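In: Structure for this input, please:
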Amino acid sequence: MMYQLSRDESFDAFVFRRLRGLSSIVLCEGVTEEKVFKKLVEKLGIEVAVPIGVTECGGLPHIYDVAAVVLSLIIVISRKVRRIGVIVDGEEMTPIERVKSILHSLKSRGIAVDVTEEVCNQLYRVGISGPRSIELLIAVNGVYSYSFERHSIHDHGLLLAQRLGAVDSSRVANLRLAEEAVGRDELLKLIDRATPNTLRECFKHIACMIELLFASRPQRS
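Out: Numbers count the residues shown, from 1 in each chain. So this is what the prediction gives:
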């Protein structure tokens, strides 16, 4: 079962009403990432047999803060949560630069990180050092074969649109950003139209994260 976690809840309410019963948490940069994640779980036919919390963090600057706070809480009070997923845009950074930026933020807040491993294309697994095993899975959005000013979840929507014949290459050449061609509503409609195999190809990093989130136990790097 997936639970919607509202970032408008106080952290006290979050801790006592939600966190203790979850096995994993997925922190999405914004509403679009959250909707895409849920839609992919549905379209890929994943059975949600364990309690997973999903929330959007209100944008790129906030996801750094939320990730640090949630990790700190889990280390102290929750024995059940074993994995935290983070879905974030690359923007002007490469995938590894974005991951290093997040880890630097966590370290600056006193959270000890272990070995970092790229387990799928643009999906990184990070061990969190502490009294028990916690994995941080960071999925970085962006199709870097596109020469856009910034890279985002919409890049994957554009790739999907091309695969489905909804956007041709001549139009792509004139775009500055993917969202000029594929907005949120169009992106979700494209996901509805696509087959599971096509979705795995276009959203490989998130599909891989979903598989790891529903694995039986974490693996330490």
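In: which parts of the helix or strand encompassing residue 199 are buried?
Out: Using DSSP states H and E, residue 199 falls within helix 196-202. The neighbour-count check on helix 196-202 (16 or more other C-beta atoms under 10 Å) flags 198-200, 202 as buried. In this view, the C-beta of every residue, glycine as well, is placed from N, C-alpha and C.
In: Check stretch 68-76 too.
Out: By 16+ other C-beta under 10 Å, the buried positions in stretch 68-76 come out as 68, 70-71, 73-75.
In: Outside of stretch 169-180 itself, list whatever touches it.
Out: The contact list for stretch 169-180 (C-beta atoms under 8 Å, 6 or more residues apart in numbering) reads 143, 146, 148-152, 154-155, 157-158, 162, 181.
In: got those as JSON lines, with distance to residue 115, secondary structure and neighbour count columns?
Out: As requested, the contacts of stretch 169-180 are arranged in JSON lines below (distance: C-beta to C-beta, whole Å; DSSP: H, G, I helix; E, B strand; the rest coil; neighbours: other C-beta atoms under 10 Å):
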{"residue": "143", "distance to residue 115": "27", "secondary structure": "coil", "neighbour count": "20"}
{"residue": "146", "distance to residue 115": "31", "secondary structure": "coil", "neighbour count": "15"}
{"residue": "148", "distance to residue 115": "31", "secondary structure": "coil", "neighbour count": "20"}
{"residue": "149", "distance to residue 115": "33", "secondary structure": "coil", "neighbour count": "9"}
{"residue": "150", "distance to residue 115": "29", "secondary structure": "coil", "neighbour count": "16"}
{"residue": "151", "distance to residue 115": "26", "secondary structure": "strand", "neighbour count": "24"}
{"residue": "152", "distance to residue 115": "28", "secondary structure": "coil", "neighbour count": "24"}
{"residue": "154", "distance to residue 115": "31", "secondary structure": "helix", "neighbour count": "27"}
{"residue": "155", "distance to residue 115": "28", "secondary structure": "helix", "neighbour count": "24"}
{"residue": "157", "distance to residue 115": "32", "secondary structure": "helix", "neighbour count": "30"}
{"residue": "158", "distance to residue 115": "33", "secondary structure": "helix", "neighbour count": "28"}
{"residue": "162", "distance to residue 115": "36", "secondary structure": "helix", "neighbour count": "18"}
{"residue": "181", "distance to residue 115": "38", "secondary structure": "coil", "neighbour count": "18"}
